[in-house]
Structures are given as C-alpha cells and as structure tokens.
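A.B. asks: Need the 3D shape of this:
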Amino acid sequence: MTFIDFKKLLLDAEITLPKFAQLIKVSDKNIQSYKQKGEVPNTLAVIAKSFAILHLSNIDYNSHIKELNLTKKTKLNSGFAKKTEKTEKTEKTEK
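C.D. replies: This next block holds a predicted model:
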C-alpha cells in the first residue's frame, strides 16, 4: 500500500498519524520514515484498513486497542538518553 493510500485510510478512521502511532505504540518517526519509501508495511496497512472499517461501522476501536495494554518497544543503547541502572548493570556483566 502506498503511503498516500495509508494516510487516506487514517482520514477515513478519523485519526491523525501521531495518534495512530501512539495508539499502536510505535514511534511516529518510524511511521513517517515510510513516506520516503513510498509504501507502508502490510501490517500497518491492515491495521489502518481495519480502523477505517471499524470507524465507519461506528465501532469504538480505541477502547478495544487500549485494553490490549500494548507497550512501546525501545532499543537499548540508542540515542542520547541517559542510561538506566539496569542498562549499566547489563553492560558490566557483558564485559
């Protein structure tokens, strides 16, 4: 699916890209990077299409997704974030 078609589905679902990313616990920047590639992965296409269909059927998908208690995945030792105690302990034991 093209990024443009993906954005159209988000409009049909009446959800912005940042809110979509927050709801499925994915980085907004990660999704924006697909704009350069021109296409989105199949999983994001399926999710956006499902959200659009649910919204058009007057089904509140937001509450159902929040019930899943999804957690945002983070990469260890990426970026300039401060190291946590756990990360520091892991580094010490690997040496």
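A.B. asks: Tell me where the model's unsure across the protein.
C.D. replies: Along the chain, the model assigns pLDDT under 70 to residues 76-95.
A.B. asks: any chance you could map the strands in the chain?
C.D. replies: Using DSSP state E, no strands are found in the chain.
A.B. asks: Centre-most residue in it?
C.D. replies: Closest to where the C-alpha atoms of the chain average out (Cα atoms, centre = their mean) is Val26, at 2.5 Å.
A.B. asks: What's the separation between that one and Pro41?
C.D. replies: Here Val26 is placed at a distance of 11 Å from Pro41 (Cβ to Cβ, to the nearest Å). C-beta: built from backbone N, CA, C; applies to glycine.
A.B. asks: thinking again about what came up before, okay, now the nearest residue to the residue nearest to the centre of the chain once chain neighbours are set aside: neighbour count?
C.D. replies: Leaving aside its sequence neighbours, Val26 sits nearest to Lys72 (Cβ to Cβ, 6 or more residues apart in numbering; 7.5 Å). For Lys72, the neighbour count with other Cβ atoms under 10 Å is 10.
A.B. asks: show me what contacts Lys72?
C.D. replies: Going by Cβ atoms under 8 Å, 6 or more residues apart in numbering, Lys72 touches 25-27.
A.B. asks: buried residues in stretch 47-63?
C.D. replies: Residues of stretch 47-63 classed as buried: 47-49, 51-52, 54-55, 61 (neighbour count, 16 or more other Cβ atoms under 10 Å).
A.B. asks: still on that earlier bit, got the phi and psi for the residue nearest to Val26?
C.D. replies: The phi and psi values for Lys72, taken as degrees, to the nearest 10, are phi -80, psi 130.
A.B. asks: Could I get the full set of helices for this protein?
C.D. replies: Remark: helices assigned in the chain by DSSP state H are 3-12, 17-23, 28-37, 42-56, 61-66, 85-94.
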